[in-house]
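A.B. asks: Sequence plus predicted model, see below.
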Amino acid sequence: MTTNNPDNKSHCRPPSQDVNTSVNTAQDSSVDPMAGSMVDDWDFKLATLFSIFESTPEDVLRNALISAKGDLEQAIPLILSSSSHDSSHDSGHDSSSTGDYPRKKQKLIQPRLSAFLPSPASSSSSSLPSASSSLQKSSPSSISSTSTSSHSKESIAHLPSLNDRLRWKDSINDTSASTLTSSSSRPKPLVVYSPEDVAKRCPCTLIFNVLDKDLATRLLKVMLEDSETWNRNRWWLFERMVESPHKTSYFAERDDDMEEVAGWTYNGMKQDPPRRFLPEMDEAKLVIRRIVNDLRKTRTLHPYEDQGPWNCNVAAVNHYAHSKESVGWHADKLTYLGPRPTIGSLTLGATRFFRIRKVVPDAKNPDTAGQLISIELPHNSLCIMWPPMQEEWKHEIPPQATVTPHPISGTARINITYRFRREGFSPEDTPVCKCGVAMVLRCVFKNKANYGKYFYMCYGAGSQEGRTCGEFHWVDMEEKLRLISNRGKEQSTNTTLEEDRVQGSMSSVQNSNNDDELDLAKELEEDAELLDLPLDAITEDDLIE
Ligand SMILES: O=C(O)CCC(=O)C(=O)O
Ligand SMILES: [Fe+2]
C-alpha cells in the first residue's frame, strides 16, 4: 500500500486555527479526554511541566504557569524562552534539523513536543510558513531521515505527532501514579496477562495459541517475507509531512472486497488497491471467524452492530521491526466498518504490550476513567475487540525498552487485524465534504447531550497540508441502518436500488446550517483531532480513510 502523495492536494479553505491554537486544544480541559479528572488540576499541570523541564527550578515553572493563566501551552514557550532552563535539554527546536538530541527522557519527549511549539516569533498563523514552503523545508528532514535511516530510534524520535503529546501525557500520568498520588485522581496503570483479567477490564477477549502451531509459524514466515513490500504511511501534521513508526499494508478476501477497499480513501486520497489474502491468511481467517462467531452467540448484540454473522473480509496488517516501533493512540475508523464493529487482532512473532484506555467515563466505575491498561500479546494470540471498543476506548502499541523476542522473527512483531467491511458503509455510501473528499464517520463520546450520536466530518487535515473545510453532518444511524436493511431485502428480490440509495444517504445526513451546529461541528472536530487522533492513527486503517 502506498502512502499519501503530498503532491496530490485537494484544496480546502484554510482552517481558522493556526498551529498554536491546535496545540492549545491538547491541553484545553474543554476538549481533553481527562477533562474534569486531572487536566484541570493545577498540580497536574505543574507536574506536566516538571516532566518536560526536569532541570528547571519549580518556581520558574510555577511562575510561567501563573503568567500563562494556567494554560500549559502558553506556559511552555515562556519557560523555553526563560534563561533558567537548561537549553541543552529544552532546545525548542526539532532536533532533526540540529542533530542535537536531548538526552534520556527528553530524547523521546522533548523534540516531539517542541516541534509543536510556536517559536516566540510565530505566535499567529500569519507568521507561520506557508504550507508549501513548509513542505519544502520540513519534508527533507522529516521524511528522508525516517526513510533513509530505516528503523533508527532517531527516526522515531523525529516524528512530531498528536499522539506523542498524548503519550507524553501518559508517561507523565504513569509517573504521577507513583509521585503525584496526592494530587492525582487517575488510577495507576495496570498490566494484565490473563484472559480472565482482560475480560474483566475491557470489552476484549484474549485467546492464547489460537492457531495451530504449524499454521502460526507458516503465517508468521510468509507475513515477514511479505512485509518487505509494506510501507510506512505518510501524512500531514501541522504543515509537516510525517511518517508512521511501523510498516503497514491492506488485504482483502475476495474480488468484491478488493474493489471496495480500492475505493477507500484517506483524506480524499485514493490508495493503492489492497492485495488478496495470502493462502495462510485465509486459513487463519477460517479459525478466527469461527471463534468470533461462536463467542458472539454468547453476547448481547448492540442494535447498531451488524446482526448477521461476523465476517472478516478485510485485514489491516502491521509490522513492528523492534521495540521502538509503535502505533499511536487511536480507535479504528468506523467509516467503512460501520458502528460498533468487531475486530480480531492476531499477534505473530515478538511479544508486545497492547495498551488501552477508556475515553468515555464509566458511570459505574468512575475511578477507572482514563486508566491505562497494558495487555501482553504473545505470539499466536488473538485479541478480539468487541463493541464498544472503537467508540469508547483508544488503543496503541507503545514503544518499549525491550521486547520478548520470537525465535523466528526476533524483535519483529506482525499484527493482522481481521475486520468486517460492512454493507451500507461503502465509499458510495460515504458523503463527500466541501473539499470534495470522503468524510469520516465518528461517534460523539464526550458531549453529554449528543452522546452516542454519529456524525460525518471532513477529515482532510492529514492530507491537505493541515487544512480542513470543517464540514460536518449528523447521521441518523437508526434510519441509516433501516435503509441499509431495506436495501438488502430489496436487493435479494432484485429490485434496483439506485434511487433509494441516493434517497437514503440524503435523509440519513442533515446539513448543519445553523451556527450552533457549526460550533458543535468545530468542537467535535477539535475533539476528534485530540481524542481520536485522526492525524496520528498510524495504521493503514487509520490512514486509508
Ligand atoms: O498492532 C496491533 O496490535 C494494533 C494495530 C492496530 O491498532 C490497528 O491496526 O489498527
Ligand atoms: Fe487499531
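C.D. replies: Thanks, I have it. Ligands and ions are numbered 1, 2, ... in the order given.
A.B. asks: Pretty sure Pro361 sits against Ala369.
C.D. replies: Yes: with contacts counted by C-beta atoms under 8 Å, Pro361 reaches Ala369, the gap being 4.5 Å. C-beta here means a position set from N, CA and C on the backbone, and glycine is covered the same way.
A.B. asks: And the helix or strand harbouring Thr217, what's buried?
C.D. replies: Of the helices and strands defined by DSSP states H and E, Thr217 is found in helix 213-226. Neighbour-count burial for helix 213-226 flags Ala216, Thr217, Arg218, Leu219, Leu220, Lys221, Val222, Met223, Leu224, Asp226 (criterion: 16 or more other C-beta atoms under 10 Å).
A.B. asks: So which bits of the stretch 301-450 of the chain are right by ligand 1?
C.D. replies: Where the stretch 301-450 of the chain comes near ligand 1, counting by C-beta under 6 Å from any ligand atom, the residues are Ala316, Asn318, Val327, Asp332, Ser345, Phe354, His395, Ile397, Asn415, Thr417.
A.B. asks: rerun that using 8 Å as the cut-off
C.D. replies: 316-318, 320, 327, 330, 332, 343, 345, 347, 352, 354, 377, 383, 395-397, 413, 415, 417 (C-beta under 8 Å from any ligand atom).
A.B. asks: Now intersect the residues you listed with the strands, please.
C.D. replies: Here DSSP state E is the test, and those give 316-318, 320, 327, 330, 343, 345, 347, 352, 354, 377, 383, 395-397, 413, 415, 417 as lying in strands.
A.B. asks: Ligand 1: which of the buried residues of helix 213-226 is nearest?
C.D. replies: Distance from ligand 1 was checked for each of those by C-beta to the nearest ligand atom. The minimum falls on Met223, at 12.3 Å.
A.B. asks: Helices of the stretch 151-300 of the chain, residue ranges please.
C.D. replies: If you assign secondary structure with DSSP state H, counting those that start in this stretch, the helices in the stretch 151-300 of the chain sit at 153-158, 162-179, 195-201, 213-226, 255-262, 279-297.
A.B. asks: the helices in the stretch 301-450 of the chain, which residues?
C.D. replies: Along the stretch 301-450 of the chain, the stretches classed as helices by DSSP H, counting those that start in this stretch are 389-392.
A.B. asks: Without its sequence neighbours, what residue ends up closest to whichever residue of it sits closest to ligand 1?
C.D. replies: Using C-beta to the nearest ligand atom, the closest approach of the stretch 301-450 of the chain to ligand 1 is made by Asn415 at 3.3 Å. The shortest distance from Asn415 to any non-neighbouring residue, by C-beta to C-beta, 6 or more residues apart in numbering, is to Asn318 (4.3 Å).
A.B. asks: who are the neighbours in contact with the one you found?
C.D. replies: His246, Lys247, Thr248, Val327, Ile397, Ile414, Asn415, Thr417, Thr539, Glu540 (C-beta atoms under 8 Å, 6 or more residues apart in numbering).
A.B. asks: Please render those as JSON lines that adds distance to Leu301, pLDDT and neighbour count to the earlier fields.
C.D. replies: Supplementary listing: those in JSON lines, determined by distance: C-beta to C-beta, whole Å; pLDDT from 0 to 100; neighbours: other C-beta atoms under 10 Å:
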{"residue": "His246", "distance to Leu301": "33", "pLDDT": "93", "neighbour count": "25"}
{"residue": "Lys247", "distance to Leu301": "35", "pLDDT": "93", "neighbour count": "22"}
{"residue": "Thr248", "distance to Leu301": "30", "pLDDT": "91", "neighbour count": "26"}
{"residue": "Val327", "distance to Leu301": "28", "pLDDT": "93", "neighbour count": "25"}
{"residue": "Ile397", "distance to Leu301": "28", "pLDDT": "96", "neighbour count": "23"}
{"residue": "Ile414", "distance to Leu301": "30", "pLDDT": "98", "neighbour count": "26"}
{"residue": "Asn415", "distance to Leu301": "26", "pLDDT": "98", "neighbour count": "25"}
{"residue": "Thr417", "distance to Leu301": "21", "pLDDT": "98", "neighbour count": "20"}
{"residue": "Thr539", "distance to Leu301": "26", "pLDDT": "31", "neighbour count": "23"}
{"residue": "Glu540", "distance to Leu301": "27", "pLDDT": "30", "neighbour count": "29"}
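A.B. asks: Buried only: go through the residues of the stretch 301-450 of the chain next to ligand 1 for me.
C.D. replies: By the neighbour-count criterion of 16+ other C-beta under 10 Å, those include these buried positions: 316-318, 320, 327, 330, 332, 343, 345, 347, 352, 354, 377, 383, 395-397, 413, 415, 417.
A.B. asks: Assess the claim that Pro378 and Thr404 are in contact.
C.D. replies: Yes: between Pro378 and Thr404 there is a contact at 7.4 Å, judged by C-beta under 8 Å.
A.B. asks: For the closest residue to Phe353 other than its chain neighbours, which residues count as its bridge partners?
C.D. replies: Across the structure, with C-beta to C-beta, 6+ apart as the measure, the residue nearest Phe353 apart from its sequence neighbours is Ser374 (4.3 Å). With DSSP bridges as the criterion, Ser374 is bridged to Val191, Arg355.
A.B. asks: Likewise for Val327?
C.D. replies: Val327 forms beta bridges with Ile397, as assigned by DSSP bridges.
A.B. asks: Glu325 versus the residue of the stretch 101-250 of the chain found nearest ligand 1, what's the distance?
C.D. replies: In the stretch 101-250 of the chain, no residue comes nearer to ligand 1 than Thr248, which is 7.2 Å away by C-beta to the nearest ligand atom. Thr248 sits 11 Å away from Glu325, going by C-beta to C-beta, to the nearest Å.
A.B. asks: Spit out the residues that contact the two alike.
C.D. replies: With contacts taken as C-beta under 8 Å, 6+ apart, Thr248 and Glu325 have His319 as neighbours in common.
A.B. asks: Which residues of the protein lie near ligand 1?
C.D. replies: Taking C-beta under 8 Å from any ligand atom as the criterion, the contact residues of the chain with ligand 1 come out as 246, 248, 316-318, 320, 327, 330, 332, 343, 345, 347, 352, 354, 377, 383, 395-397, 413, 415, 417, 537, 539-542.
A.B. asks: Kind regards, and thank you for your time.
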